[in-house]
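[1] A predicted structure for the sequence below; I have some questions about it.
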Amino acid sequence: MKLAVIFLLFLMFSFLGWLMEEVYAYIENGKISNRGFLIGPICPIYGVGALLIITLLEKYQNDILALFVMSTLLGAILEYLTSYIMEKIFKVRWWDYSNYKFNINGRICLSVSVIFGFLGIVTIYILKPFFESILSFFPEIVLIIIAICLGIVFITDIIISGNVISKINKVDLSGARDVTDEITNRVRKSLTKHSIFTRRLANAFPDFKVEWTGKLLKIKKQKNSIKK
């Protein structure tokens, strides 16, 4: 499979994942929230997940039960690692399943992982053949040009979104008590005061929580040094 086709499949699945998140958010909250930490209408975790399923699990297409089980496990691993890595990088818990049954550290839960299992089946049997049939209508050079243009837009989005997210670590938390919700609310309030992009981020993840322990320790040390 050509690199341009792989990247375009990634974007198509990422957009489809974003659309699914939008529908879910609208059903749950009654409004459009533009889910995802990127500005554009894509959720890369779905694109990565789809490519992993196509690459690693297509060999199970003749065994639908095995495909379902393996997709469930793969989706759970990917979501857990994504949650862990993003929290370590940005000091923010982007989603939290602590109130769901059968969750692991609030990062994944059984009900969502099972959905990934069904999505794996849909990906192999329906979406992959459908998307590939669409791309097959275009000459290879056209696909390459489209992939390059969209790649530039994608990279630009990552840079801008990364800059927006970095504002989370610049919020003044002095005077905050040892309460996660209070600190999270302060960060959210600060985000909504900045550009339209930071407001979009706050709306996209209404349940995000800030990793605040290290910040509080740093604040306490600063206060102690001032007193001395």
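    Cool, got the structure.
[2] where exactly do the helices run in the protein?
    Remark: helices assigned in the chain by DSSP state H are 3-29, 44-57, 64-90, 110-122, 128-135, 140-166, 180-192, 196-204, 213-227.
[3] Buried deepest among the ones you listed, which one?
    Of all these, helix 44-57 has the most neighbours on average by mean count of other C-beta atoms under 10 Å, namely a mean of 20. Quick note: C-beta positions are derived from backbone N, CA and C, even for glycine.
[4] And it, what does it pack against?
    Packing partners of helix 44-57 (3 or more C-beta pairs under 8 Å, 6 or more residues apart in numbering; DSSP states H and E): helix 3-29, helix 64-90, helix 110-122.
[5] Let me see the contact set for residue 121.
    When contacts are counted by C-beta atoms under 8 Å, 6 or more residues apart in numbering, residue 121 touches 64, 67, 68, 71.
[6] Can you add distance to residue 130 and pLDDT and give those back as CSV?
    Formatted as CSV, the contacts of residue 121 follow (distance: C-beta to C-beta, whole Å; pLDDT from 0 to 100):
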residue, distance to residue 130, pLDDT
64, 18, 96
67, 17, 97
68, 20, 97
71, 18, 97
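[7] Next, count neighbours for the residue lying closest to residue 140 once chain neighbours are set aside.
    Using C-beta to C-beta, 6 or more residues apart in numbering and skipping residues adjacent in sequence, the residue nearest residue 140 is residue 2, 6.8 Å away. As a burial measure, residue 2 scores 12 neighbours (other C-beta atoms under 10 Å).
[8] same thing with residue 60?
    Other residues within reach of residue 60, judged by other C-beta under 10 Å, total 19.
[9] Give me the local confidence score for it.
    pLDDT recorded at residue 60 is 94.
[10] for residue 173, same thing?
    Note for residue 173: predicted pLDDT of 47.
[11] ok, now residue 98?
    pLDDT, read off for residue 98, is 87.
[12] Now do the contacts for it.
    Residue 98 neighbours (C-beta under 8 Å, 6+ apart): residue 106.
[13] Phi first, then psi, for it.
    Reported as degrees, to the nearest 10, the phi and psi values for residue 98 are phi -60, psi -30.
[14] repeat for residue 99
    Dihedral angles (degrees, to the nearest 10) for residue 99: phi -90, psi 0.
[15] Look at it and say how many residues are nearby.
    The number of residues packed near residue 99 is 9, by other C-beta under 10 Å.
[16] Now tabulate the helices and strands packed on helix 44-57 in a markdown table and tack on distance to residue 135.
    Shown next, in a markdown table, are those (distance: least, C-beta to C-beta, whole Å):
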| stretch | distance to residue 135 |
| --- | --- |
| helix 3-29 | 6 |
| helix 64-90 | 23 |
| helix 110-122 | 18 |
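[17] for the ones you listed, which one sits closest to residue 54?
    helix 3-29 (7.6 Å; C-beta to C-beta).
[18] for that closest one, packing partners?
    With contacts taken as 3+ C-beta pairs under 8 Å, 6+ apart, helix 3-29 sits against helix 44-57, helix 128-135, helix 140-166.
[19] least reliable of those helices going by mean pLDDT?
    helix 140-166 (a mean of 87).
[20] how far away is residue 155 from residue 7?
    As for residue 155, its distance to residue 7 is 12 Å (criterion: C-beta to C-beta, to the nearest Å).
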